[in-house]
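Colleague: heads up, no residue letters with this:
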């Protein structure tokens, strides 16, 4: 699959089959995602892959107030933890990555979803979550931030690949010379 085909095929999937996600696939997806660029190369995140029965137990953490009922069909998740900001000293310069952490995590999530799709797995990026519940589930300190959760699995048979509806390219692009 070439890059454009990958971009056209990747979409948010909300109906997963009963097929189990191999642990090795989750590990490879996360390994590939670590190649994502980040400000001052700080990689301000940790990733946690949750699979099988533990994933079923985890699901309640992405179903606040009755949302994401479809997640009951999900067999695996990749949880992204935001690490605290750091200040780097480069000569006379002090560089903080604090303001770039959200962008770095967004880039990481794009790498995760595209790596998964390239391996025949589908994903859905989830923003609605119970951060206190996730911290407890992962045995991490209360107050730990988890900006994005990514559901991972195999779509049910005949899950439609939806046509991409985007603004016209000419409306979003200008070449300045």
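Modeller: Cool, got the structure. The structure displayed is predicted, hence computed values, not measured ones.
Colleague: Only C-alpha atoms from now on, for both contacts and neighbour counts.
Modeller: OK.
Colleague: what lines up beside the longest strand seen in the chain in the sheet?
Modeller: The longest strand of the chain (DSSP state E) is strand 145-153. According to DSSP bridges, strand 145-153 has the following sheet partners: strand 76-82 (antiparallel), strand 122-126 (antiparallel).
Colleague: which residues are contacting that strand?
Modeller: Outside strand 145-153, the residues that touch it by CA atoms under 8 Å, 6 or more residues apart in numbering are 16-17, 19-21, 71, 74-83, 102, 105, 109, 113, 116, 121-127, 129, 131, 134.
Colleague: chain center to the helix or strand following that strand, what's the gap?
Modeller: Using DSSP states H and E, the helix or strand that follows strand 145-153 in sequence is helix 169-172. In terms of CA atoms, centre = their mean, to the nearest Å, the centre of helix 169-172 is set 27 Å apart from its chain centre.
Colleague: let's number from 11 now, not from 1
Modeller: All set: I'll call the first residue 11, so the last point we hit is now helix 179-182.
Colleague: tell me the most buried of the strands paired with strand 155-163?
Modeller: strand 86-92 (a mean of 24; mean count of other CA atoms under 10 Å).
Colleague: can you confirm residue 114 is in a helix?
Modeller: Yes - counting by DSSP: H, G, I helix; E, B strand; the rest coil, residue 114 is part of a helix.
Colleague: How much space separates it from residue 163?
Modeller: Counting by CA to CA, to the nearest Å, the gap from residue 114 to residue 163 is 24 Å.
Colleague: again, but for residue 121
Modeller: Taking CA to CA, one finds residue 121 at 16 Å from residue 163.
Colleague: Please identify which of these two sits among more neighbours.
Modeller: residue 163 (30 against 20; other CA atoms under 10 Å).
Colleague: Run through the bridge partners of the more buried one.
Modeller: Going by DSSP bridges, residue 163 forms beta bridges with residue 132.
Colleague: Which pLDDT does the model give it?
Modeller: Note on residue 163: pLDDT of 98.
Colleague: circling back to that earlier point, okay if I get the strands paired with strand 155-163 as JSON lines plus mean pLDDT and distance to residue 173?
Modeller: Output for the strands paired with strand 155-163, formatted as JSON lines (pLDDT from 0 to 100; distance: least, CA to CA, whole Å):
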{"stretch": "strand 86-92", "mean pLDDT": "98", "distance to residue 173": "25"}
{"stretch": "strand 132-136", "mean pLDDT": "98", "distance to residue 173": "16"}
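Colleague: Now tabulate those in JSON lines and tack on distance to residue 56.
Modeller: Conversion of those to JSON lines gives the following (distance: least, CA to CA, whole Å):
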{"stretch": "strand 86-92", "distance to residue 56": "5"}
{"stretch": "strand 132-136", "distance to residue 56": "16"}
